[in-house]
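**Q** with the input below, show me the fold.
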Amino acid sequence: MYKPIAILLAFGLAGCQPATESPSEPAVEVDAPEPATEIEERDARAAEAQGRLARVLDAQAEDVQARYAYRHPKETLEFFGIEPGMTVVEALPGRGWYTRILLPYLGKEGHLIGANYALDMWPYFPFGTDEFVESQRTWTTDWPAGAEEWRDEDSATVDAFVLGSMPDSLAGTADAVLLVRVLHNLANFEEEGGFLTAALADSFKILKPGCTLGIVQHQARDDMSDEFADGSHGYLKKSFVIEAAQRAGFEFVAESDINENPKDQPGEDDIVWRLPPTFATSADKPELKATLAAVGESNRMTLKFRKPE
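**A** Numbering: from 1, shown residues only. Prediction:
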């Protein structure tokens, strides 16, 4: 179920435009009701999109579908208002878990833009060797080439850029930006290079006015220390994420509980990667691995923001 906390504006289906606000005083004339034909057409488009998403999800590989119980792609994409034909930015697409869903769902009229971490950020990771950093220099061409393997004639086209270095030509072109489980690293290394600030600034710049920023992020409890919830353990506090997005110019629209997992109760020394699918702390500890598997994937906030008109 969705758990709306704050609904600032309602959205239309076309162009991310908000619904017209009611005047402060009664109008002399009242707008005519929406014609039945327009309602029918809108409902037909919604039903077609729902059917398309269902078919795409059913066609995914078994290992992808195994994560549906924790990642809820149907509910998440519907909550963010993602529809066929849109231009969508997916940050840090990695091995393509969401990419392989988005490409066929957005369809041949859609466009998917991958966004990678800044090149200067990779050396701060334990695996950020000179060789690895060098491999990321060509990511904006390597990733689209690799994504071609997941496309067919009815899939979205692909493009790519690096967060913090977005080409001006992409400004105001996207209907939605999806930051799914990527903010913790940006926050963790913010002091080293302003990476979180730059990523949110690019997210704001690339969106059309009135369009959506969707965030799914490992969530720390409010009672945990700020040191724990600085991103280094993989978790952030909801208040921190909302404030960061608002500083970047976004308006908070709503949140959903669809990706919450109350079984995930980390201690101050725990890292999110102890949980599936990574199991970073239990590779050679079968009993601990079984215990963590029973917890499932992390507890996650799901937040929807919009770029103002």
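**Q** can you give me the helices for the protein?
**A** Assigned by DSSP state H, the helices in the chain fall at 36-58, 62-65, 68-71, 73-79, 99-106, 130-136, 139-147, 183-188, 190-193, 195-206, 238-247, 286-295.
**Q** the lowest-mean-pLDDT helix or strand in the chain vs helix 99-106, what angle?
**A** Least confident helix or strand, the chain: helix 36-58 with a mean of 91, by mean pLDDT, DSSP states H and E. With axes from the mean of the first three to the mean of the last three C-alpha atoms, to 10 degrees defining the directions, helix 36-58 sits at 150 degrees from helix 99-106.
**Q** just checking, residue 263 touches residue 297?
**A** No: using C-beta atoms under 8 Å, residue 263 makes no contact with residue 297, being 9.7 Å away. The C-beta positions use only the backbone N, C-alpha and C, and glycine is treated the same way.
**Q** show me which of the two is the more surrounded one.
**A** A count of neighbours by other C-beta atoms under 10 Å puts residue 297 above the other of residue 263 and residue 297, at 20 against 12.
**Q** got a list of what the more buried one touches?
**A** Taking C-beta atoms under 8 Å, 6 or more residues apart in numbering, we find residue 297 in contact with 67, 70-71, 261, 264, 275-277.
**Q** ok, 7 Å please
**A** 70, 261, 275-276 (C-beta atoms under 7 Å, 6 or more residues apart in numbering).
**Q** cool, residue 172 as well?
**A** residue 208 are the contacts of residue 172 under C-beta under 7 Å, 6+ apart.
**Q** how about stretch 212-228 as PDB, C-alpha atoms only?
**A** Extracted as PDB, the C-alpha positions of stretch 212-228 are listed here (Å, rounded to 0.1, in the frame of the first residue of the first chain):
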ATOM      1  CA  THR A 212       9.600  13.800 -11.200                       C
ATOM      2  CA  LEU A 213      12.600  12.900  -9.100                       C
ATOM      3  CA  GLY A 214      12.100   9.500  -7.700                       C
ATOM      4  CA  ILE A 215      14.400   8.300  -4.800                       C
ATOM      5  CA  VAL A 216      14.700   4.800  -3.300                       C
ATOM      6  CA  GLN A 217      17.300   4.700  -0.600                       C
ATOM      7  CA  HIS A 218      18.400   2.400   2.300                       C
ATOM      8  CA  GLN A 219      16.900   4.100   5.300                       C
ATOM      9  CA  ALA A 220      18.400   4.500   8.700                       C
ATOM     10  CA  ARG A 221      16.200   4.800  11.800                       C
ATOM     11  CA  ASP A 222      15.800   8.300  13.300                       C
ATOM     12  CA  ASP A 223      17.300   7.100  16.600                       C
ATOM     13  CA  MET A 224      20.600   6.100  15.000                       C
ATOM     14  CA  SER A 225      23.700   8.300  15.100                       C
ATOM     15  CA  ASP A 226      24.500  10.700  12.300                       C
ATOM     16  CA  GLU A 227      27.900   9.000  12.100                       C
ATOM     17  CA  PHE A 228      26.200   5.800  11.200                       C
END
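**Q** list the buried residues for that stretch?
**A** Within stretch 212-228, the residues scored as buried using 16 or more other C-beta atoms under 10 Å are 212-220, 228.
**Q** fine by me, thanks again.
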